[in-house]
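A.B. asks: Need coordinates for the following:
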Amino acid sequence: MKVCIVSSSGGHLTEVRMLRAAYGPYPHFYVLNKQVLLPEDMRDNTTFITHSERDWKVFLNLWECYRILRRQRPDVILSTGAGPVIPFAIAGRFFFGTRIVFVETIARVKRPSLTGRLMYYLAHDFFYHWPGLDRHFPKGRYGGPSI
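C.D. replies: Numbering: from 1, shown residues only. Purely as a prediction, here's the structure:
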C-alpha cells in the first residue's frame, strides 16, 4: 500500500506527522502547498504544489494533483487539512479510485472547519477528535484526541 500525505504547512503538517505510526511502515510521500524547512525524512520525499487561497489557483492545483497521482499511483490519500486536500480528494477519488482518509484538525472542538465540512462528503473514511463534532459528522468516526 502506498500513501500520499497531503497537507498545508504549519499546524496541519505537524498534526499529520503525528500520525506517522499509521502510515510510516508503508511507502509514502508528502505533498505540501508551501516551501518550508523540512525534517530530514521528508527532504527527498516531498512534492510542492502551488499555494491557493480559494481562488482560481484551485484549478491549477487540480491539474498538479492529477499529474502527481498519475505518476505516483497511491492507494490512499491521507490528510488533516487544509485546502490542498480538496483537489487531491477530487482527482484521487474520481479519476484514480484512490481511498481518501481525512482526519479533522484537532483544533476544531465544537464547530467543523470548512475543509472538514467538504471532506466529509469526499472522504471514504472520516475521523474527528472531539465528541462535540458528532452532530456535524454523523457518519464520521470519533477517534479521541490522540487518534
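
A.B. asks: Nearest to the spatial middle of this structure, which residue is it?
C.D. replies: Central residue of the chain (Cα atoms, centre = their mean): residue 79, 2.0 Å from the mean position.

A.B. asks: And the closest residue to that residue other than its chain neighbours, what's its pLDDT?
C.D. replies: With Cβ to Cβ, 6 or more residues apart in numbering as the criterion, residue 79 has its nearest non-adjacent residue at 3.8 Å, and that residue is residue 85. In short, each C-beta sits where N, CA and C put it, glycine included. According to the prediction, residue 85 has pLDDT 96.

A.B. asks: count of neighbours near residue 85?
C.D. replies: Residue 85 has 31 neighbours, counted by other Cβ atoms under 10 Å.

A.B. asks: thought it was touching residue 115?
C.D. replies: Yes. Counting by Cβ atoms under 8 Å, residue 85 touches residue 115, with 6.6 Å between them.

A.B. asks: sorry, back to before: which SSE is the residue nearest to the centre of the chain in?
C.D. replies: Assigned by DSSP states H and E, residue 79 falls within strand 76-81.

A.B. asks: Quickly run through the sheet partners of that strand, with directions.
C.D. replies: Strand pairing for strand 76-81, determined by DSSP bridges: strand 3-7 (parallel), strand 99-103 (parallel).

A.B. asks: And the helices in this structure?
C.D. replies: Remark: helices assigned in the chain by DSSP state H are 11-17, 20-23, 57-72, 85-91, 114-122.

A.B. asks: Now do the third one: everything it contacts.
C.D. replies: Looking back up the chat, that one is helix 57-72. 2, 4, 29, 31, 33, 47, 49-52, 83-84, 86-88, 90-92, 95-96, 98 (Cβ atoms under 8 Å, 6 or more residues apart in numbering).

A.B. asks: Which members of the residues you listed are classed as buried?
C.D. replies: 4, 29, 31, 33, 49, 51-52, 83-84, 86-88, 90-92, 96, 98 (16 or more other Cβ atoms under 10 Å).

A.B. asks: re earlier: ok, which of the helices of the chain comes nearest residue 40?
C.D. replies: Of all these, it is helix 11-17 that lies closest to residue 40, at 12.5 Å by Cβ to Cβ.

A.B. asks: Report all helices and strands that the closest one contacts.
C.D. replies: When contacts are defined as 3 or more Cβ pairs under 8 Å, 6 or more residues apart in numbering; DSSP states H and E, helix 11-17 packs onto strand 3-7, strand 76-81.

A.B. asks: Kind regards, and thank you for your time.
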